[in-house]
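[1] Structure, please.
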Amino acid sequence: MPDPVTFTSATPRYALPLLFAGQAQKELTVNEAHALADALLHPAIEDESSAPPAAPVEGECWLVGASASGDWSGEDGKLACREAGNWLFLTPRDGMRIFDRASGQELHYFDGWQRAAPPAEPTGGATVDSEARQAIAELTAALRVAGVFAVA
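    The predicted structure follows:
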């Protein structure tokens, strides 16, 4: 018979809290785990900011910018999610994706948050291919609609 699996106090990837056998007030641990899972499931942020909003709304998430201040001090680069009147901070992991509602763009985390930049529109040149330029413009527009590039 295999040995039973034993768990630490939190999951290894996102530090979701785990219950202990006979734990008192386990609803606090379970509720925190549910709140974190809710924030991580198809995450979307309102915008990126270095300071918390003056009137945060329950369920909102923000990307904490550089040199964060106030309640977000020391949480640069994390996701700050408002839950039960408090801020929950989520440390991103490589491969994580979030949708930025302000820019309409998807961000990807790989050793830091990455935003795709659209290519420059072609200009000048000795030979101008208007059909190729139109195709490039249409591809760039389609990638904006798909959330790859920020909405212009």
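[2] pretty sure A44 is touching I98, no?
    Yes. Using Cβ atoms under 8 Å, A44 makes contact with I98 at a distance of 6.5 Å. C-betas here are computed from N, CA, C, even on glycine.
[3] which one of the two has more residues nearby?
    I98 (21 against 12; other Cβ atoms under 10 Å).
[4] rewinding a little: joint contacts of A44 and I98?
    C61 (Cβ atoms under 8 Å, 6 or more residues apart in numbering).
[5] which stretches of this protein have low pLDDT?
    Applying pLDDT under 70 to the chain flags the ranges 1-8, 14, 152.
[6] which stretches of it form strands?
    Assigned by DSSP state E, the chain shows strands spanning 44-45, 48-49, 61-64, 79-83, 86-90, 97-100, 105-109, 113-114.
[7] And for the chain, the residue most distant from the center?
    Ranked by distance from the centre of the chain (Cα atoms, centre = their mean), the top residue is A126, with 43.8 Å.
[8] how near is the spatially most central residue of the chain to D47?
    For the chain, the residue nearest the mean C-alpha position is I98 (3.7 Å; Cα atoms, centre = their mean). Separation of I98 from D47 (Cβ to Cβ, to the nearest Å): 11 Å.
[9] Could you name every residue contacting both of the two?
    In terms of Cβ under 8 Å, 6+ apart, I98 and D47 are both contacted by the residues L63.
[10] For Q134, find the nearest of the strands of the chain.
    strand 105-109 (23.5 Å; Cβ to Cβ).
[11] for the closest one, packing partners?
    strand 97-100, strand 113-114 (3 or more Cβ pairs under 8 Å, 6 or more residues apart in numbering; DSSP states H and E).
[12] Understood, closing this out.
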